[in-house]
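Engineer: Pasting the sequence and the predicted coordinates here, then a few questions.
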2 protein chains.
Amino acid sequence: MKTLWIYAHPEPRSLNGSLRDEGVRTLRGLGHEVRESDLYAMNWRPVVAEDDFPGRQAGRLWVGDAQQTAYAEGTLSPDILAEQEKVLWADTIVIQFPLWWFGMPAILKGWFDRVFLQGFAFGLANPATGRQRRYGDNALSGKRALVVTTFGARESSMGPRGIHGAIDDLLFPLQHGILWYAGIAALPPLAIDGANRMSDDEYQLAAKRLRERLRNLPEQTAVPFRYQDHGDYDADLVLRPELAPGETGLSIHTSR
Amino acid sequence: MKTLWIYAHPEPRSLNGSLRDEGVRTLRGLGHEVRESDLYAMNWRPVVAEDDFPGRQAGRLWVGDAQQTAYAEGTLSPDILAEQEKVLWADTIVIQFPLWWFGMPAILKGWFDRVFLQGFAFGLANPATGRQRRYGDNALSGKRALVVTTFGARESSMGPRGIHGAIDDLLFPLQHGILWYAGIAALPPLAIDGANRMSDDEYQLAAKRLRERLRNLPEQTAVPFRYQDHGDYDADLVLRPELAPGETGLSIHTSR
């Protein structure tokens, strides 16, 4: 297994820092190759800016074609190219972060904003339908990802009827909207609660959960998100009425 | 009305730039006061870092108490203090951004990560329950917010059964998890689709929709998210079984 471990916490002497060390050590101990993107240590710039595309013409062309041209011509900013190379190298990606305001820290969101560009992560046409390939079948198909996240809330309050919203729904924009969109199979996330008041025993338990997930990574079944082009969605990309009939909510995009 | 307009697009000569100009002009034309946080123009730094808390002791204390102490003692970084002052001044906040990877651009996520700190946006105890005030009743109660977002997808694909997930669910971490958590009443978002291929006529229609929302702002009804402490949730912060019985999904946190 070739694993890229993306880590987005400012403080190495933290719960997240300890879990990252534990995780990388576990994978290497199992004989896997690991490369890291420690975003704070790299001083990663998360803001999409004009100099991401040094070759581009001035004007409106922030997105889409400008990305694809820069990717094809190899004229993207070197820090972006280095991250894309790591993603292409890896067969497995671990994305580890503390849940801040129910989402990724800005430094991590901006890793996706800058690295997952048209041409690299999406933008290929499906010859059968003429429309863009997305969701399951895309530029990064064949890779798998494990999200590891920590939060202070109790598990019950992030459960199916918990006040903060179910963790799977809160992570949907990342798991489905980014990873699955780009073709990456997203494993069920490892969500560690009570992160701001963890005892030594609780830490040992969290570390054990992480080690077990990493040991079993090759055999784990990904979240069964629906494919765009396997017949579940109509021409307007709306779920067909006979599937999860009458239901709404993000879970309808998972086949059960 | 005192409105803070937060804007997160890199290019003034864009759909978002034009809508921002239109919106600010409309509000001023109606006699309202407007202040702006143009995050790209301000070169806003979105990354939570040690020097956000110049007075703090070295070590693990990134969160919680360190935030609250720095806020109380006025020792936060000046760029954070300036944004907090604007929020306190405003009775209405407009948050405008292009939807990137189904969420906020990093520069905007990091505005919330750095500005909405414990002590400022939350962290007060409810004397009746002893638990933290959150969701509806919190430090920023009495303020209202309108999210204005643009995306390339067609409206159908972001609808209740659209492949990308319903826009209200995708915005839940912002609308409910950030705004409502801090006590801010979130209005129904203004979501503008087809943003990357808009004709002049379509732009005129989008601008009209924005002007109408702004003109009617004072009378608009906020999304009826449930309050934490009005009896809908049990002691574990789980929705009581007699409310939306048997249902899951993010919409259960709205009273209908």
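Structural biologist: Good, I have the coordinates.
Engineer: Could you chop chain A up by domain?
Structural biologist: Using automatic domain parsing, the domain parsing of chain A gives A:2-223, A:226-256.
Engineer: Adding mean pLDDT, mean neighbour count and distance to B:Gly159, write the ones you listed out as JSON lines.
Structural biologist: (Each C-beta comes from the backbone N, C-alpha and C, glycine too.) Formatted as JSON lines, the domains of chain A follow (pLDDT from 0 to 100; neighbours: other Cβ atoms under 10 Å in any protein chain shown; distance: least, Cβ to Cβ, whole Å):
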{"stretch": "domain A:2-223", "mean pLDDT": "94", "mean neighbour count": "19", "distance to B:Gly159": "15"}
{"stretch": "domain A:226-256", "mean pLDDT": "96", "mean neighbour count": "16", "distance to B:Gly159": "7"}
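Engineer: could I get those as JSON lines with distance to B:Gly17?
Structural biologist: Output for those, formatted as JSON lines (distance: least, Cβ to Cβ, whole Å):
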{"stretch": "domain A:2-223", "distance to B:Gly17": "9"}
{"stretch": "domain A:226-256", "distance to B:Gly17": "28"}
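Engineer: Show me the helices in chain A, by range?
Structural biologist: A:15-29, A:65-73, A:78-89, A:106-115, A:167-170, A:172-174, A:200-215 (DSSP state H).
Engineer: by contact count, what packs against the third one?
Structural biologist: Just to be clear, that refers to helix A:78-89. strand A:2-7, strand A:33-38, helix A:106-115 (3 or more Cβ pairs under 8 Å, 6 or more residues apart in numbering or on different chains; DSSP states H and E).
Engineer: between the second one and helix A:78-89, what angle do the directions make?
Structural biologist: If I follow you right, that is strand A:33-38. Relative orientation of strand A:33-38 versus helix A:78-89 (axes from the mean of the first three to the mean of the last three Cα atoms, to 10 degrees): 150 degrees.
Engineer: what lines up beside strand A:33-38 in the sheet?
Structural biologist: strand A:2-7 (parallel) (DSSP bridges).
Engineer: So which residues make contact with the partner strand?
Structural biologist: A:16, A:20, A:23-24, A:27, A:32-39, A:86-87, A:89-97, A:108, A:111 (Cβ atoms under 8 Å, 6 or more residues apart in numbering or on different chains).
Engineer: Please compute how far it lies from its chain's middle.
Structural biologist: 11 Å (Cα atoms, centre = their mean, to the nearest Å).
Engineer: Helix A:15-29 and that strand, what's the angle between them?
Structural biologist: Using the same axes, to 10 degrees: strand A:2-7 against helix A:15-29 is 170 degrees.
Engineer: ok, A:Arg197 to chain B distance?
Structural biologist: 10 Å (Cβ to the nearest Cβ, to the nearest Å).
Engineer: what residues are up against that residue?
Structural biologist: Contacts of A:Arg197 (Cβ under 8 Å, 6+ apart): A:Gly152.
Engineer: A:Tyr233 now?
Structural biologist: A:Arg226, A:Leu239, A:Arg240, B:Ile163.
Engineer: cool, and A:Glu202?
Structural biologist: A:Gly194.
Engineer: what's the answer for A:Phe97, then?
Structural biologist: A:Tyr7, A:Ala8, A:His9, A:Asn16, A:Met104, A:Pro105, A:Leu108, A:Val148, A:Thr149, A:Thr150.
Engineer: any idea which of these is closest to A:Ala72?
Structural biologist: Nearest to A:Ala72 among the contacts of A:Phe97: A:Leu108, at 26.4 Å, using Cβ to Cβ.
Engineer: Verify the stated contact: the closest one with A:Asp38.
Structural biologist: No. Look at A:Leu108 against A:Asp38 with Cβ atoms under 8 Å: they stay out of range, at 11.3 Å.
Engineer: before we move on, back to that, in a markdown table: the helices of chain A, plus distance to B:Tyr203.
Structural biologist: Formatted as a markdown table, the helices of chain A follow (distance: least, Cβ to Cβ, whole Å):
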| stretch | distance to B:Tyr203 |
| --- | --- |
| helix A:15-29 | 44 |
| helix A:65-73 | 20 |
| helix A:78-89 | 31 |
| helix A:106-115 | 25 |
| helix A:167-170 | 33 |
| helix A:172-174 | 27 |
| helix A:200-215 | 48 |
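Engineer: Tell me how far A:Ala41 lies from chain B.
Structural biologist: 12 Å.
Engineer: And that residue, its phi and psi?
Structural biologist: Torsion angles at A:Ala41 (phi, psi; degrees, to the nearest 10) stand at phi -60, psi -30.
Engineer: interface residues of the stretch 151-256 of chain A facing chain B?
Structural biologist: Taking Cβ under 8 Å from any Cβ of the partner chain as the contact definition, the stretch 151-256 of chain A meets chain B at A:153-154, A:156-157, A:159-166, A:169-170, A:172-173, A:176-178, A:196, A:226, A:228, A:233, A:236-239, A:248-253.
Engineer: what's the closest of the domains of chain A to B:Pro218?
Structural biologist: domain A:2-223 (27.6 Å).
Engineer: End to end on that closest one, go ahead and measure it.
Structural biologist: End-to-end span of domain A:2-223 (Cα to Cα, to the nearest Å): 21 Å.
Engineer: cool, and stretch A:237-254?
Structural biologist: 15 Å.
Engineer: quick one: it to chain centroid distance?
Structural biologist: That offset, for stretch A:237-254, works out to 23 Å (Cα atoms, centre = their mean).
Engineer: again with stretch A:98-108
Structural biologist: Here stretch A:98-108 is found 12 Å from its chain centre; the criterion is Cα atoms, centre = their mean.
Engineer: Would you mind pulling the contact partners of stretch A:219-227?
Structural biologist: Against stretch A:219-227 from outside (Cβ under 8 Å, 6+ apart): A:135-137, A:144, A:146, A:175-176, A:180, A:185-188, A:213, A:232-233, A:239, A:253-256, B:163.
Engineer: Of these, which belong to strands?
Structural biologist: Among the contacts of stretch A:219-227, DSSP state E puts A:Arg144, A:Leu146, A:Ala185, A:Ala186 in strands.
Engineer: who's in contact with the second one?
Structural biologist: Just to be clear, that refers to A:Leu146. Going by Cβ under 8 Å, 6+ apart, A:Leu146 touches A:Thr92, A:Ile93, A:Val94, A:Ile95, A:Leu187, A:Pro189, A:Leu190, A:Arg213, A:Leu214, A:Leu217, A:Gln220.
Engineer: swap in the third one?
Structural biologist: The neighbours of A:Ala185, taking Cβ under 8 Å, 6+ apart as the test, are A:Lys143, A:Arg144, A:Ala145, A:Leu179, A:Ala222, A:Val223.
Engineer: Setting aside sequence neighbours, what's the nearest residue to the fifth one?
Structural biologist: Distances taken as Cβ to Cβ, 6 or more residues apart in numbering or on different chains place A:Ala185 nearest to A:Ala222, at 3.7 Å, with adjacent residues excluded.
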